[in-house]
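K.L.:
Dropping the sequence and predicted coords here.
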Amino acid sequence: MPPAHFHHIHLNATDPAAAIEFYTSKFDCEKAKFAGEWDAVWAQKAWILFTKVASAPPSEIMSGIWHFGWGAEDMKAAYQKQLDSGTKFETPITDISDLANFPGFYYAYVDGPDHALIELNTAPHHHLGHVHLLSADPVAAGEWYMKYFGAVRHGKEPPSREVVFYKGYQVGPGMSLESDNINIIIFPKEFAPKAYPGAWKNRTAFDSTEGRVVDHIGFSFDNLSEALERMRKDGVKVTQETRTVLNGKVKFAFIEGPDRVRIELVEGSARKE
């Protein structure tokens with residue numbers, strides 16, 4: 001496949017203006033105009049885009065997109081700063097140094113606009129840093145993102161399919177990939193029923209991400225038509241054919257990725273006007 005780049009995270013929001021204010025006041029990102037016309041958030045090398053919806057979008061963890069997040073060099077200080085500014089947390093600061101195999105590794109989950117789940121975690125930066133997915137087959141899903149988007153897997157050994165548990169939660173097999181400056185982390189689907197038993201009662205499969213608070217993620221290609229046709233010939237499901245919007249400034253199409261994750265393909269790399 002031709003080279004691809006991480007382009008955006010797209011959210012459904014009951015009040016996009018308030019959501020933009022939240023993200024830009026709480027995290028390292030800024031207000032900007034996507035394609036010079038659409039109010040959005042610019043986070044280092046990628047966009048966070050919003051579609052206004054009339055009622056609160058579903059936010060329970062029942063799809064293949066779990067959350068996205070920012071880093072923090074000093075997690076304890078960042079967490080306290082968030083508390084002081086009134087940020088609500090779904091999960092308070094928690095030490096998972098043993099899971100991360102990194103002393104002093106902390107995380108916390110912010111309850112964002114429309115209950116979008118946003119992670120803050122120890123990192124060597126304070127930027128938009130990752131998207132965390134869930135998958136029925138994390139290894140196969142990871143290899144799919146490597147094949148079609150050129151994501152680079154962390155680790156030199158072949159990916160392990162060993163079942164791994166952490167404090168009763170299944171966290172392996174898993175995959176960790178890099179697409180530009182975004183870490184794509186994939187956990188096994190079995191994590192979800194343990195972590196979110198109410199949402200997963202009588203449930204065995206993922207919902208599509210479409211229409212949920214995190215609707216989709218986007219990747220860009222220099223030549224969208226070429227990339228889309230190569231995927232189509234491979235049997236990748238095309239859910240929306242190529243269109244242009246914003247006076248021809250944006251050319252895009254949609255496919256369905258592993259675990260019913262909605263993925264937008266955009267022509268041209270993400271850039272701030």
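P.N.:
Happy to help now that I have it.

K.L.:
pLDDT score for the closest residue to residue 140 other than its chain neighbours?
P.N.:
Counting by Cβ to Cβ, 6 or more residues apart in numbering, residue 258 is the residue found nearest to residue 140 once chain neighbours are left out, at 6.9 Å. All C-beta atoms are positioned from the backbone trio N, CA, C, and that covers glycine. On the pLDDT scale, residue 258 is placed at 98.

K.L.:
Test my guess that residue 258 contacts residue 139.
P.N.:
No - between residue 258 and residue 139 there is no contact under Cβ atoms under 8 Å: 10.6 Å.

K.L.:
what sits against the closest residue to residue 55 other than its chain neighbours?
P.N.:
The shortest distance from residue 55 to any non-neighbouring residue, by Cβ to Cβ, 6+ apart, is to residue 14 (7.0 Å). Residue 14 makes contacts with 52, 53, 54, 55, 56, 57, 113, 114, as judged by Cβ atoms under 8 Å, 6 or more residues apart in numbering.

K.L.:
Check those residues and tell me the two furthest apart.
P.N.:
Using Cβ to Cβ, the two most remote members of the contacts of residue 14 are 54 and 113, lying 15.2 Å apart.

K.L.:
more neighbours, the two?
P.N.:
Each of residue 54 and residue 113 has its neighbours counted (other Cβ atoms under 10 Å); residue 113 has more, 22 against 6.

K.L.:
now that one, nearest residue through space, not along the chain?
P.N.:
residue 19 (4.1 Å).

K.L.:
again, but for residue 246
P.N.:
For residue 246, ignoring the flanking residues on the chain, the nearest one in space by Cβ to Cβ, 6+ apart is residue 35 at 4.6 Å.

K.L.:
Show the backbone phi and psi for the one you found.
P.N.:
Main-chain dihedrals, residue 35, degrees, to the nearest 10: phi 60, psi 20.

K.L.:
That concludes my questions; thank you for your assistance.
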